[in-house]
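Chemist: turn this into a model:
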Amino acid sequence: MQVTCKNCGSVVRVRPSHASRTKFCSMACRREFQASTHELKRHLDGMRFRCKQRKGWADRGIKCCIASTEELLNILGPKPAAGFSVDRIDVNGNYEAGNIRWATQKQQMNNRTNNIFITYDNKTLTLQEWADRTGLSKGCLHYRHLSPRWSVEEMLTTPAKKQAK
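Modeler: All right, here's what the predicted structure looks like:
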């Protein structure tokens, strides 16, 4: 009888009497699967904790609608690399299929409710994203944004003055 490995997807031949309990092609695949499942469980527990404990989240009605690590894995797929974590695409939406993704820390920092968004040349980006594009520091852009004498165009296109050492 043939069974498909839950970790790598390879097909292995097993005795019919072992088919119901054989889930992996090797012990290495089993350990790898258990490690990734453990990490997904940490992500899922973190999502549930934030929904219950974070100030403002319950007020905004944010819930975790994912019941298990298997469901989370089916929605997101495996974690692409170290440094990625679960992020809600719509910061006011629930943790649910269609509203979660694997994201880097930088992507998550640009997806916050307290970001400053600036629209210029039909593009709306966060202050940090404009800093990355223009080569100006975020602090410089923030100062210019708060100052009433800077137009959006001047703010983003005027080079920063060199600081004396």
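
Chemist: okay, now the domains of this protein?
Modeler: As given by automatic domain parsing, the domain ranges for the chain are 37-111, 115-165.

Chemist: ok, which of those comes nearest Arg30?
Modeler: Smallest distance to Arg30 across the domains of the chain (C-beta to C-beta): 10.5 Å, for domain 37-111. (C-beta placed from N, C-alpha, C; glycine too.)

Chemist: all helices of this protein, in order?
Modeler: For the chain, helices defined by DSSP state H occupy the ranges 27-53, 69-76, 105-109, 127-134, 138-146, 152-157.

Chemist: ok, the closest residue in space to Ile89 that isn't next to it in sequence - contacts?
Modeler: Excluding the flanking residues, the one nearest Ile89 by C-beta to C-beta, 6 or more residues apart in numbering is Asn99, at 5.2 Å. Listed by C-beta atoms under 8 Å, 6 or more residues apart in numbering, the contact set of Asn99 reads 88-90, 93.

Chemist: please report the distance of Asn99 from Leu136.
Modeler: According to C-beta to C-beta, to the nearest Å, Asn99 and Leu136 sit 33 Å apart.

Chemist: and for Phe117?
Modeler: Using C-beta to C-beta, Phe117 is found at 16 Å from Leu136.

Chemist: out of these two, which sits in the busier spot?
Modeler: Set Phe117 next to Leu136 and count neighbours by other C-beta atoms under 10 Å: Leu136 wins out with 19 against 11.

Chemist: hang on, that one packs against Glu154?
Modeler: No. If you go by C-beta atoms under 8 Å, Leu136 and Glu154 don't touch, sitting 11.7 Å apart.

Chemist: OK, contacts around Met134?
Modeler: One thing to correct before we go on: residue 134 is Thr, not Met. For Thr134, the contacting residues are 141, 156-157, by C-beta under 8 Å, 6+ apart.

Chemist: and with 7 Å instead?
Modeler: Contacts were defined as C-beta atoms under 7 Å, 6 or more residues apart in numbering; by that measure Thr134 touches Leu156.
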